[in-house]
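Peer 1: Provide a 3D model corresponding to the input given below.
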Amino acid sequence: MRSRLAQATRDLRLAASTRAVWFGFLGSLGILLGSLSPAYLPQASPVWDVLRAWGIDGTTTKILGTVATLLGLALLLEAWFRLRPARRRAMGQPQLRHWAVLAIVAAPLAFGPPIFSHDAYSYAAHGWLIHNNLSPYQVGPGILPGYYADQVAWVWRETTAPYGPLSLWMSHGIVILAGFDPFLSAVLMRAPALAGVILIGSLVPRIARRVGVDPAAASWFAVLNPILIIDFVGGAHNDASMVGLMLLGIWAAMARGRWWLGALVVGAAAAIKQPAFMAAVALPFLVTPWTSWRPRPLAWAAVKALASLALAVGVFAAVSVASGMGFGWINAVNVPGMAETVSPFTLIGHLFQFPASALGWDPSGRAVITVSRAVGAVVGVVGIAVLAWRHLGQRPLTFLAYGFLWFALTAPALHSWYLLWGAVLLPMAHPSSKTLRFAIVVTVVLLGFAAMTFGLRNGPWMLVLILFGASYWIMHTHELSQPMDEPRPLSV
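Peer 2: Here you go, the predicted structure:
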């Protein structure tokens, strides 16, 4: 125990002696300071009382908050590129332990209000509804006027909850733990998210090593990814808990050789957020690959996949009954699509909706978008089926990585944290250099979009253009390649 503590201390000291790590720390600090502005602080937040007392609640706050956030994003991105294992290896620098880097870089965001999203305030409001004997599956937060409801983004105040029963149960417990303080309840929603991040940080290198991927490279892309730091640590999204438990289920199947054990854990992950169910189908093939399309092996593979899914569904059902929440989330499956996002098929719908409405072909103003989203759902199902046909039997982690990414891209709503469902497994899919480079560019674009949304809400939109220019320059000045295979020792 003492030797482990000494090693952990050395790892932290090495990370703390690295300039790029402090770039990341300052980036997170800038984003934290920027979150104390009108763009992301609810009007009901007690932080406003402090800002008003200091006389910095007006235009100055908007400008300084935007500048701090944009500089923070640029620094976080620069740090991510500088910490790339291939770059450090080429420069003869020692590899850093990713957990030590993450602990330093993400520290400022772990103690501030939720950033870049109001979802944590919705979680708190759902817990408050349950405490008042109201089901979030039947009524929205607005049914109980007050600070809990006032913190929730207006678009979600009258909508029911789409989350799994375990997520709602945890929200209720955190509201009680916070002493029914609305703001503290939202901040403490970061606790289960941090638990999920710890699981992700612990399991990504283990899974990577087991499939012949460089653990340092996998951890750099998945664990130190700026989107994970911002959305899972800063945003406190319950997706972090889902992904963490999903990886735990995958690791249980791989390390113990018991796919049924992994299915039980994945069922708990799905009870937080339902997309985790897809992982259950792949678990048996992590233990015993399916290699033949002959009738008997095919039938046996189908039986195992369905049995694994059934076990996960059984755990989900047990949690639903035990929590008393039931299955009301089914009525809210369309809720995420109510917000306008950068979902590809939603954007395509808007592209064709404009001329349709202008020419009077669609008086409702939404029919083309609805059809486009339906097409996206079909494309999503077909794409996942193709991925299963190509990869599920012998490369189940590849199926899950690309399957989750495809699911997120074809869904009616797309948020940056949705892509993390598959991104944490992407290194284990042995992506090509071109694929990995594209994933890195997407990360930069999503960060830029988050900054654009922030800047437009705060007002100084010209600063957003500066960030896009800075992001391009940062990307341009770095070599984007990062091999995922384990480095081979030099022959002598």
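Peer 1: so which residues of the stretch 1-150 of the chain form helices?
Peer 2: Using DSSP state H, counting those that start in this stretch, the helices assigned to the stretch 1-150 of the chain run over residues 2-16, 19-34, 47-53, 59-82, 85-90, 98-105, 119-131, 147-151.
Peer 1: quick one, which of these is nearest to Ile369?
Peer 2: With Cβ to Cβ as the criterion, Ile369 lies closest to helix 119-131 of the helices of the stretch 1-150 of the chain, at 23.0 Å. For the C-beta atoms, the positions are set from N, CA and C on the backbone; glycine is no exception.
Peer 1: and that closest one, what does it pack onto?
Peer 2: Contacts defined by 3 or more Cβ pairs under 8 Å, 6 or more residues apart in numbering; DSSP states H and E place helix 119-131 against helix 147-151, helix 165-177, helix 182-188.
Peer 1: out of those, which is closest to Leu26?
Peer 2: Across the helices and strands packed on helix 119-131, Leu26 has its closest neighbour in helix 182-188 (22.1 Å, Cβ to Cβ).
Peer 1: circling back to that earlier point, just the helices of the stretch 1-150 of the chain: most buried one?
Peer 2: Taking mean count of other Cβ atoms under 10 Å as the contact definition, the stretch among the helices of the stretch 1-150 of the chain with the greatest mean neighbour count is helix 119-131, which reaches a mean of 26.
Peer 1: pLDDT on that helix, on average?
Peer 2: Regarding helix 119-131, the rounded mean pLDDT is 96.
Peer 1: repeat that for stretch 79-88.
Peer 2: Per-residue pLDDT over stretch 79-88 has a mean of 90.
Peer 1: output that stretch as PDB, nothing but the C-alphas.
Peer 2: Taking Å, rounded to 0.1, in the frame of the first residue of the first chain, the C-alpha atoms of stretch 79-88 are listed here in PDB:
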ATOM      1  CA  ALA A  79      -2.500  20.900 -24.000                       C
ATOM      2  CA  TRP A  80      -4.200  17.900 -25.500                       C
ATOM      3  CA  PHE A  81      -2.000  18.000 -28.600                       C
ATOM      4  CA  ARG A  82       1.200  18.500 -26.700                       C
ATOM      5  CA  LEU A  83       0.500  15.600 -24.400                       C
ATOM      6  CA  ARG A  84       0.100  13.200 -27.300                       C
ATOM      7  CA  PRO A  85       2.200  10.000 -26.500                       C
ATOM      8  CA  ALA A  86       3.700   9.800 -30.000                       C
ATOM      9  CA  ARG A  87       4.900  13.400 -29.700                       C
ATOM     10  CA  ARG A  88       6.400  12.800 -26.300                       C
END
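Peer 1: and the closest residue to Ala20 other than its chain neighbours, how far from Ile130?
Peer 2: Computed as Cβ to Cβ, 6 or more residues apart in numbering, the closest residue to Ala20 that is not its neighbour in sequence is Arg82, at 3.7 Å. The spacing between Arg82 and Ile130, counted by Cβ to Cβ, to the nearest Å, is 45 Å.
Peer 1: burial count for Val265?
Peer 2: Val265 is surrounded by 25 other residues when neighbours are defined as other Cβ atoms under 10 Å.
Peer 1: re the thing from before, and Thr69, which of the helices and strands packed on helix 119-131 is closest to it?
Peer 2: If you check each of these against Thr69 by Cβ to Cβ, helix 182-188 wins as the nearest, at 18.8 Å.
Peer 1: buried set for the helix or strand just after that closest one?
Peer 2: Using DSSP states H and E, the helix or strand that directly follows helix 182-188 along the chain is helix 190-210. The neighbour-count criterion (16 or more other Cβ atoms under 10 Å) identifies 190-194, 196-197, 199-201, 203-205, 207-208, 210 as the buried residues of helix 190-210.
Peer 1: circling back to that earlier point, wait, which of the helices of the stretch 1-150 of the chain is closest to Gly164?
Peer 2: Shortest separation from Gly164 across the helices of the stretch 1-150 of the chain is recorded for helix 119-131, at 11.6 Å, computed as Cβ to Cβ.
Peer 1: can you dump the C-alpha coordinates of the closest one into PDB?
Peer 2: What follows is helix 119-131, C-alpha atoms only, in PDB (Å, rounded to 0.1, in the frame of the first residue of the first chain):
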ATOM      1  CA  ASP A 119     -28.800  19.100 -17.700                       C
ATOM      2  CA  ALA A 120     -27.500  18.800 -14.100                       C
ATOM      3  CA  TYR A 121     -30.200  21.300 -13.100                       C
ATOM      4  CA  SER A 122     -32.800  19.000 -14.700                       C
ATOM      5  CA  TYR A 123     -31.400  16.100 -12.800                       C
ATOM      6  CA  ALA A 124     -31.800  18.000  -9.500                       C
ATOM      7  CA  ALA A 125     -35.400  19.000 -10.400                       C
ATOM      8  CA  HIS A 126     -36.300  15.400 -11.100                       C
ATOM      9  CA  GLY A 127     -35.000  14.400  -7.700                       C
ATOM     10  CA  TRP A 128     -37.100  17.200  -6.200                       C
ATOM     11  CA  LEU A 129     -40.200  15.900  -8.000                       C
ATOM     12  CA  ILE A 130     -39.600  12.400  -6.600                       C
ATOM     13  CA  HIS A 131     -39.200  13.700  -3.100                       C
END
